[in-house]
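S.K.: Turn this into a structure:
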Amino acid sequence: MLKSARSKAEEQFAATQKKAKQALQEKEIARQEIAERMARQRDLRLAKEAADKEAAEKVDAEKGGAKN
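M.R.: Residues are numbered from 1 along each chain as shown. Just a heads-up that it's a prediction; the model follows:
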């Protein structure tokens, strides 16, 4: 049985919608991965800055103790 032009158009439209939805989901997954990576980098940077500050304060305390 031959499909009508409308039926073919509806099938093509449904296929296009499905592809668009899948592409949107892939973009969202990529966005989430980037956000997670950025959050991890930020956490590592903040931890390093805290460690550097603590080390600098320790060095300053040792220099202050040596002068007294």
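
S.K.: now the protein, which segments are flagged as low pLDDT?
M.R.: When residues are selected by pLDDT under 70, those of the chain lie in 1-2, 65-68.

S.K.: how about the helices in it?
M.R.: Secondary structure of the chain (DSSP state H): helices at 5-67.

S.K.: Distance of Lys18 relative to Ala9?
M.R.: Lys18 sits at a distance of 15 Å from Ala9 (criterion: Cβ to Cβ, to the nearest Å). All C-beta spots, glycine's among them, are computed from the backbone N, C-alpha and C.

S.K.: One more: Glu28?
M.R.: Distance, Glu28 to Ala9, by Cβ to Cβ: 28 Å.

S.K.: Could you do Leu46 as well?
M.R.: Using Cβ to Cβ, one gets 55 Å for the distance from Leu46 to Ala9.

S.K.: go on, Ala47?
M.R.: Between Ala47 and Ala9 the computed distance is 57 Å (Cβ to Cβ).

S.K.: With Val59 instead?
M.R.: Relative to Ala9, Val59 is positioned 74 Å away (Cβ to Cβ).

S.K.: do the same with Ile29
M.R.: Distance from Ile29 to Ala9, by Cβ to Cβ: 31 Å.

S.K.: try Glu26
M.R.: With distances taken as Cβ to Cβ, Glu26 is found 26 Å from Ala9.

S.K.: Same question for Ala51.
M.R.: Taking Cβ to Cβ, one finds Ala51 at 63 Å from Ala9.
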